[in-house]
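J.: got a structure for you, letters missing:
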């Protein structure tokens, strides 16, 4: 009898927990997304001027606030398979890192063999971060797929060297506004042919979804001096980078099919984009899985906006 009584108590407890969890999932869930306002547009004054479509249903925004430097993290990720010509850009990269607004956290990392290697976590010491910049190794295939590197990085987002609490996995919900700038040719060597007839990569799709779940806006500068070469490779890499950046609310910055004469203007554009990004808060319908992505689309009168195509339910910046 005691055993049956214990089983009955366990079942009752399990049902109670299940019903409580279901109750918590009912109703709207406050969710946030990073939204960039095009530099040629006037930013909306407040949340009432914007509309967000959540899973094809229009919802009002509950708040709209700019990303402040002290609440921004930027990861500068460089393809370690890039060759010698990347050397001429080191001064531009140094100037970019050192010229970030005070309070912005920066991490410099190199994409190699499916992961990102960096000498330090996110830091507000911009001179220290700039000192970790160096020439890429330049070995063909060293970066493997940049999309595998990105997936691994965003799923294991590093902490700050100045705040050990950012590494606390017991409080994963709140995080600073996250941005990535990648310099790569964008080619995915694991997806087979770089032909225009083969432009759907599961690794690119996974990187997009992983970045959306982590609330990361990805920007890119196309730099073709890595790994394979050729017209079809140029098209393939740029197409993948366009998919990646568009899906996460960033932008692919490039000049034709060749390398940029200088990365400096693109890095400046990226800095402006970060400064012109806002945190949009809205209510999204609850689902059974808290890791679900919801489709979002933002609009405002006479304003061009860039935002992720999907965002994780309950994401908070």
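T.: Perfect, I can see it now. For clarity, every value in this text was computed on a predicted model and none was experimentally measured.

J.: Isn't residue 83 up against residue 136?
T.: Yes - Residue 83 is in contact with residue 136 according to Cβ atoms under 8 Å; the separation is 7.3 Å. Where C-beta positions appear, they are placed from N, C-alpha and C, glycine not excepted.

J.: Between these two, which is the more surrounded one?
T.: Remark: of residue 83 and residue 136, residue 136 carries more neighbours, 23 against 18, as counted by other Cβ atoms under 10 Å.

J.: need the contact list for the more buried one.
T.: By Cβ atoms under 8 Å, 6 or more residues apart in numbering, residue 136 lies in contact with 78, 79, 80, 81, 82, 83, 86, 110, 226.

J.: which phi and psi does the first one have?
T.: So that's residue 78. Taking degrees, to the nearest 10, you get phi -110, psi 130 for the backbone angles of residue 78.

J.: can you map out the strands along the stretch 201-317 of the chain?
T.: 216-222, 252-253, 277-285, 293-300, 305-306, 310-312 (DSSP state E, counting those that start in this stretch).

J.: Tell me which of those sits most buried.
T.: strand 216-222 (a mean of 25; mean count of other Cβ atoms under 10 Å).

J.: what lines up beside it in the sheet?
T.: Strand 216-222 pairs in its sheet with strand 177-184 (parallel), strand 252-253 (parallel), by DSSP bridges.

J.: Now the weakest link among these, please, by mean pLDDT.
T.: Mean pLDDT values for the strands paired with strand 216-222 show the minimum at strand 252-253, a mean of 92.

J.: residues in contact with it?
T.: By Cβ under 8 Å, 6+ apart, the residues outside strand 252-253 that reach it are 219-222, 238, 241-242, 244-246, 260, 266, 269-270.

J.: quick one: contacts for the residue positioned nearest the centre of the chain?
T.: When Cα atoms, centre = their mean is applied to the chain, the residue found nearest the centroid is residue 216 (2.4 Å). Residues near residue 216 by Cβ under 8 Å, 6+ apart: 154, 157, 178, 179, 180, 248.
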